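>>> Sequence below, structure please.
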Amino acid sequence: MKKFNLLQNPFFIAGILLIFIVIVTAQSINLPPRISETGLKFTHYNNYLIFKQSYFHLIQNKDLYQLYPVEHWDYYKYSPTFSLLMAPFVYLPDAAGLFLWNTLNVLVLFFALWKLPSLTDKNRLLLLGFILIELITSIQNSQSNALIAGLIIFAFLSLEKKQVALAALFIVLTVFIKLFGLVAFALFMFYPNKPKAILYTIAWTLLLAILPLCVVPFSQLQFLYQSWLHLLQNDHSASIGFSVAGWLQTWFGVESKNGVVFVGAIIFCLPFLKYKFFKELKFKLFFLASVLLWIVIFNHKAESPTFVIAVSGIAIWFFAQKMKIENLILLSLAFLFTVLSPTDIFPKFLRDNYVTPYVLKAVPCIIIWCKIIFDLLFYKSESNLNENVSQESVAVVK
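Next comes the predicted model:
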């Protein structure tokens, strides 16, 4: 009984997660460097170094969106504001800074998921267990995806508490990390005070957009935004990842990134037609799950560490309702192909010959997103069902 009570304590579970973070951070720091095709060496926490060095590039008035191969591999693809927000980490030794960065990502997502309404403690534990491997995959790559998922969920929780300003801040922060956070603004459709939400969004956006003026002149900030836009435009035409676009191209030879996103956006918006259910918590949780999945599977550049966002959406959808056999089958497929396929548990020859070439990591997420849209479009109010049952019972008694 005492063990079970401990597992009901979120701070105890957070302590267990900290052990995982220590292990993953130590592994990232101590693994031998990777060697690029040009012979340059890169660490296993390369993404963290990209974030860290971007801060120094910012305060030195350098172009954030150029390659710096001596320091790290790949481009910095986030906003100038995000570079500035890395300030609390960058002056620490890499081991300490990386640990705190990973901790921020893990705990923001963990507490966001733990605070979701209508879930039992048992379901919260099962939900956490389902996403744990994907969460570890994300922090092994020192990515920001868990943070983004957590901020979106916290925005939902804030809206449930009528804290519109806070919700707007959380979503705007995701946009300044990765632009696909824009999709989360769709959550405002379910709540009153939309004019207020728009005003707060504009205010937070302007504030965060000019925040780097604390360390750079206006002309430099203007140049950085132009350079960022140029990088994103070129990046959009680059290769595809684990996405709907990747699946359609690999399986069917269909190549239309913009067309895929357009169709996906229309389907994504269809549940807004069911406005009479906007006040029902389960309906809103399903839509939150749809948001978390959409921003991954319709991102043509989606990589494996990004899927902690999608898997969080799958877990919310599954555990926010009564267990159904068809949902359990879909959850099992997602666990097998989405969660386990990048790990050493999964046979390497299957991963190399089938999972990666055929974008199988994304396929269960695509199917589940379609199922969520179906569930939303054919949603039946549980309160109405209960009323019908009560009325039938009264009729039987009479």
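>>> which stretches of the stretch 151-300 of the chain form strands?
Secondary structure of the stretch 151-300 of the chain (DSSP state E, counting those that start in this stretch): no strands present.
>>> in it, which segments are predicted with low confidence?
Applying pLDDT under 70 to the stretch 151-300 of the chain flags the ranges 236-239.
>>> Now do the helices in it.
Residue ranges of the helices in the stretch 151-300 of the chain, as given by DSSP state H, counting those that start in this stretch, are 164-177, 194-210, 218-236, 244-252, 257-269, 281-297.
>>> quick one: buried residues of the third one?
Right, helix 218-236. Residues of helix 218-236 classed as buried under the neighbour-count rule (16 or more other C-beta atoms under 10 Å) are 220-221, 223-224, 228, 231. To be clear about C-beta, it is placed using only N, CA and C from the backbone, and glycine gets the same treatment.
>>> Tell me the one of the residues you listed nearest L119?
The shortest gap between L119 and any of the buried residues of helix 218-236 belongs to W228, at 38.4 Å (C-beta to C-beta).
>>> hang on, isn't that closest one packed against T81?
No: counting by C-beta atoms under 8 Å, W228 stays clear of T81, with 10.5 Å between them.
>>> follow-up on the earlier one: which of the buried residues of helix 218-236 sits closest to H57?
For those, the minimum distance to H57 (C-beta to C-beta) is 9.6 Å, reached by L224.
>>> Around the closest residue to that closest one other than its chain neighbours, how many other residues sit close by?
Using C-beta to C-beta, 6 or more residues apart in numbering and skipping residues adjacent in sequence, the residue nearest L224 is P80, 4.7 Å away. Neighbours of P80 under the rule other C-beta atoms under 10 Å: 29.
>>> check contacts around Y78.
Shown in contact with Y78 (C-beta atoms under 8 Å, 6 or more residues apart in numbering): 51, 54, 144, 176-178.
>>> Let's see that with 7 Å instead.
Residues counted as contacts of Y78 (C-beta atoms under 7 Å, 6 or more residues apart in numbering) are 177-178.
>>> just checking, F170 touches F154?
Yes: between F170 and F154 there is a contact under C-beta atoms under 7 Å: 5.1 Å.
>>> Same drill for those two, tell me which one is more crowded.
Neighbours were counted for F170 and for F154 using other C-beta under 10 Å; F170 has more, 26 against 22.
>>> Next, work out how far apart that one and Q27 are.
Using C-beta to C-beta, to the nearest Å, one gets 30 Å for the distance from F170 to Q27.
>>> ok so, going back, which one of the helices of the stretch 151-300 of the chain lies nearest to K122?
helix 281-297 (17.1 Å).
>>> Buried residues of the closest one, list them for me.
Neighbour count says helix 281-297 has 282-297 buried, by 16+ other C-beta under 10 Å.
>>> Let me know the angle separating whatever helix or strand comes next after that helix from helix 281-297.
Read in the C-terminal direction, the helix or strand following helix 281-297 is helix 307-319, with elements assigned using DSSP states H and E. Taking axes from the mean of the first three to the mean of the last three C-alpha atoms, to 10 degrees, one finds that helix 307-319 is oriented at 150 degrees with respect to helix 281-297.
>>> Just want the angle from helix 307-319 to helix 164-177.
In this structure, helix 307-319 runs at an angle of 140 degrees to helix 164-177, with the same axes, to 10 degrees as the basis.
>>> Check which residues of helix 307-319 are buried.
Buried residues in helix 307-319, counting neighbours by 16+ other C-beta under 10 Å, are found at 307-319.
>>> same check, this time on stretch 24-40
Buried positions in stretch 24-40, judged by neighbour count with 16+ other C-beta under 10 Å: 24-25, 28.
>>> Pick out the residue nearest the middle of this protein.
To find the centre residue of the chain, average its C-alpha atoms and take the closest one (C-alpha atoms, centre = their mean): that gives I309, at 2.9 Å.
>>> Show the contacting residues for that one.
Counting by C-beta under 7 Å, 6+ apart, I309 makes contact with 145, 148-149, 292, 295-296.
>>> how does it look with 8 Å?
If a contact means C-beta under 8 Å, 6+ apart, then I309 has 145-146, 148-149, 152, 292, 295-296 as its contacts.
>>> Spatially, what comes nearest to it if we skip its sequence neighbours?
The shortest distance from I309 to any residue that is not its chain neighbour, by C-beta to C-beta, 6+ apart, is 4.4 Å, and that residue is A149.
>>> Could I have the CA atoms of the helix or strand hosting the one you found written out in PDB?
Taking DSSP H and E as the definition, one finds A149 inside helix 145-160. What follows is helix 145-160 as a C-alpha-only set of coordinates in PDB (Å, rounded to 0.1, in the frame of the first residue of the first chain):
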ATOM      1  CA  ASN A 145      10.200  18.700 -28.200                       C
ATOM      2  CA  ALA A 146       9.200  17.600 -24.800                       C
ATOM      3  CA  LEU A 147       9.200  21.200 -23.700                       C
ATOM      4  CA  ILE A 148       6.900  22.100 -26.600                       C
ATOM      5  CA  ALA A 149       4.500  19.300 -25.800                       C
ATOM      6  CA  GLY A 150       4.400  20.400 -22.200                       C
ATOM      7  CA  LEU A 151       3.800  24.000 -23.000                       C
ATOM      8  CA  ILE A 152       0.900  23.200 -25.300                       C
ATOM      9  CA  ILE A 153      -0.700  21.000 -22.600                       C
ATOM     10  CA  PHE A 154      -0.200  23.700 -20.000                       C
ATOM     11  CA  ALA A 155      -1.900  26.100 -22.400                       C
ATOM     12  CA  PHE A 156      -4.900  23.800 -22.500                       C
ATOM     13  CA  LEU A 157      -4.900  23.500 -18.700                       C
ATOM     14  CA  SER A 158      -4.700  27.300 -18.400                       C
ATOM     15  CA  LEU A 159      -7.700  27.700 -20.700                       C
ATOM     16  CA  GLU A 160      -9.600  25.300 -18.600                       C
END
